[in-house]
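**Q** structure for this input, please:
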Amino acid sequence: MNRCLLLAALLLAAVLLAAFPLQAQLQADLVDPKGSVEVRVGQGAWTAAKAGQFLNEGDQVQTGFASSVVVRFATHGEVTVNELTLVRLDRFLQEQGVTKTRLELRLGRVKVKVREPG
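**A** I've put the predicted structure just below:
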């Protein structure tokens, strides 16, 4: 009897964790690429960026001379990647209702706009 209750409790916990994860991976998207803008997905090759293209953790964006792109985070803001810049999306996830974002600016300049939730 106790084994059946324990098994049922474990099964219920597994179902709840699958249905309501404590951590959710988020995506950002590229808006208005101008000039020479490239994206590196994971460890892949550099390719030309396209408006509306999605970025995940680990992806990188680089801009050339007189170039820029906006990386839009649906949950809270945007980052304008200025010319001659290399940036990596280190972390972008939602954990227990809190959005966590970390960018690694390897070279160049960015402009950050953050909106209040709601």
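**Q** tell me which helix or strand Val39 sits in.
**A** strand 37-40 (DSSP states H and E).
**Q** residue ranges for the helices of this protein, please.
**A** Per DSSP state H, the chain carries helices over the ranges 2-19.
**Q** quick check: buried residues in stretch 33-53?
**A** Within stretch 33-53, the residues scored as buried using 16 or more other CB atoms under 10 Å are Pro33, Val37, Glu38, Val39, Arg40, Ala49, Gln53. The way it works is simple: take the backbone N, C-alpha and C, and place the C-beta from them, glycine included.
**Q** any idea how far it is from the chain center?
**A** 14 Å (CA atoms, centre = their mean, to the nearest Å).
**Q** show me the contact partners of it.
**A** 29-32, 55-56, 58-69, 81, 83 (CB atoms under 8 Å, 6 or more residues apart in numbering).
**Q** equivalent analysis for stretch 108-118, please.
**A** So stretch 108-118 is contacted by 63, 75-87, 103 (CB under 8 Å, 6+ apart).
**Q** from those residues, which two are the most distant?
**A** Thr75 and Leu84 (28.2 Å; CB to CB).
**Q** kindly export stretch 29-41 (C-alpha atoms) in PDB.
**A** The C-alpha coordinates for stretch 29-41 follow below in PDB (Å, rounded to 0.1, in the frame of the first residue of the first chain):
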ATOM      1  CA  ASP A  29      14.800  38.100 -32.300                       C
ATOM      2  CA  LEU A  30      16.600  40.400 -34.600                       C
ATOM      3  CA  VAL A  31      15.000  43.600 -35.800                       C
ATOM      4  CA  ASP A  32      16.100  46.000 -38.500                       C
ATOM      5  CA  PRO A  33      19.600  44.700 -39.500                       C
ATOM      6  CA  LYS A  34      21.500  47.400 -41.300                       C
ATOM      7  CA  GLY A  35      24.700  46.900 -43.200                       C
ATOM      8  CA  SER A  36      26.900  43.900 -42.500                       C
ATOM      9  CA  VAL A  37      25.300  41.900 -39.700                       C
ATOM     10  CA  GLU A  38      26.200  38.200 -39.000                       C
ATOM     11  CA  VAL A  39      24.900  35.600 -36.600                       C
ATOM     12  CA  ARG A  40      26.600  32.500 -35.300                       C
ATOM     13  CA  VAL A  41      24.200  29.900 -34.000                       C
END
